[in-house]
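S.K.: Sequence first, then the predicted structure:
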Amino acid sequence: METIKVIKIGGNIIDDQKSLDKFLELFSNIEGPKILVHGGGKIATEMAKKLDIPVKMKDGRRITDEATLDIITMVYAGKINKSIVAKLQFNQCNAIGLTGADANTIEANIRPVKAIDYGFVGDVIKVNTKTLELLISNNITPVFCAITHNKKGQLLNTNADTIATEIAIGFANSNKVELYYCFEKNGVLKDIKDDESVIEQIDTKSYKNLISEGIIADGMLPKLNNCINAVNHNVTKVCIGKQDRLFSHKKGYTTIVK
């Protein structure tokens with residue numbers, strides 16, 4: 001099989017209709033097998049506020065009680081996922097919208113309660129790549145929202161960066177895989193106030209140094225942990241940056257290497 005591209009888009013693209021439309025047109029024109037993973041953006045938070053359901057966050061991660069799970073299922077797997085699939089069809093990309101429960105594609109365990117009880121949050125334990133291979137070998141592009149399941153009838157909120165990483169790792173033993181994180185910055189920045197201060201290459205050693213220097217912190221920390229995990233599990237290429245740089249001949253984005 002050709003190199004598989006796993007591409008994750010974040011909330012900043014989803015929240016901006018023009019950015020989303022531009023990305024989906026670009027994505028549709030990427031040749032070869034590809035898988036899209038999307039987060040939820042601000043839409044789930046806005047819906048929770050409308051329904052007077054408290055939004056609880058800890059270290060940038062959503063605490064998912066039963067009411068919150070209902071909302072994110074409606075928003076992620078419903079409104080966002082199906083809108084993306086419809087627009088991909090408009091762009092002549094034959095796509096299918098999925099949660100991890102669909103065709104048992106992504107299994108997870110509910111996160112154990114330690115210092116924090118995250119509620120109905122899942123940690124991925126298995127990606128069933130055979131089903132996904134069947135789809136992409138027939139030119140059907142899977143589009144995953146940030147929901148998995150535990151094979152016991154329970155849906156679980158799961159970090160979209162982690163889902164993208166685990167899908168890439170799942171294919172990496174038998175295929176060349178490239179993993180791309182599209183978000184609002186040009187890449188990992190030395191100076192958060194300077195969007196041109198892109199660190200163009202990070203390896204496992206420099207990654208530790210950047211953490212100790214406080215350059216990689218807060219929300220970038222779990223994202224970079226996923227990147228390092230991917231390259232350590234044979235993913236060929238991992239890149240972070242803006243969509244117009246990642247999929248062109250431009251430079252100025254971040255590549256993660258072993």
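M.R.: On my side now, so go ahead.

S.K.: which regions of the stretch 1-150 of the chain sit below the pLDDT cut-off?
M.R.: Applying pLDDT under 70 to the stretch 1-150 of the chain flags residues 59-60.

S.K.: Going by residue numbers, what spans are strands in the chain?
M.R.: Assigned by DSSP state E, the chain shows strands spanning 4-9, 34-38, 57-58, 61-62, 95-98, 106-110, 122-127, 141-144, 147-149, 155-157, 177-182, 201-202, 237-241, 254-256.

S.K.: Could you report the neighbour count for residue 192?
M.R.: As a burial measure, residue 192 scores 12 neighbours (other CB atoms under 10 Å). (C-beta placed from N, C-alpha, C; glycine too.)

S.K.: quick one, helices of the chain?
M.R.: Ranges of helices in the chain, per DSSP state H, are 11-14, 17-28, 43-50, 66-72, 81-90, 129-137, 160-172, 204-212, 220-231, 243-246.

S.K.: Let's have these in JSON lines, adding mean neighbour count and distance to residue 254.
M.R.: Shown next, in JSON lines, are these (neighbours: other CB atoms under 10 Å; distance: least, CB to CB, whole Å):
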{"stretch": "helix 11-14", "mean neighbour count": "20", "distance to residue 254": "16"}
{"stretch": "helix 17-28", "mean neighbour count": "17", "distance to residue 254": "18"}
{"stretch": "helix 43-50", "mean neighbour count": "17", "distance to residue 254": "27"}
{"stretch": "helix 66-72", "mean neighbour count": "18", "distance to residue 254": "29"}
{"stretch": "helix 81-90", "mean neighbour count": "17", "distance to residue 254": "25"}
{"stretch": "helix 129-137", "mean neighbour count": "16", "distance to residue 254": "26"}
{"stretch": "helix 160-172", "mean neighbour count": "25", "distance to residue 254": "14"}
{"stretch": "helix 204-212", "mean neighbour count": "13", "distance to residue 254": "11"}
{"stretch": "helix 220-231", "mean neighbour count": "20", "distance to residue 254": "9"}
{"stretch": "helix 243-246", "mean neighbour count": "19", "distance to residue 254": "10"}
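
S.K.: Can I get the ones you listed in CSV including distance to residue 119?
M.R.: Below are the helices of the chain laid out as CSV (distance: least, CB to CB, whole Å):
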stretch, distance to residue 119
helix 11-14, 20
helix 17-28, 28
helix 43-50, 14
helix 66-72, 7
helix 81-90, 21
helix 129-137, 28
helix 160-172, 16
helix 204-212, 28
helix 220-231, 18
helix 243-246, 32
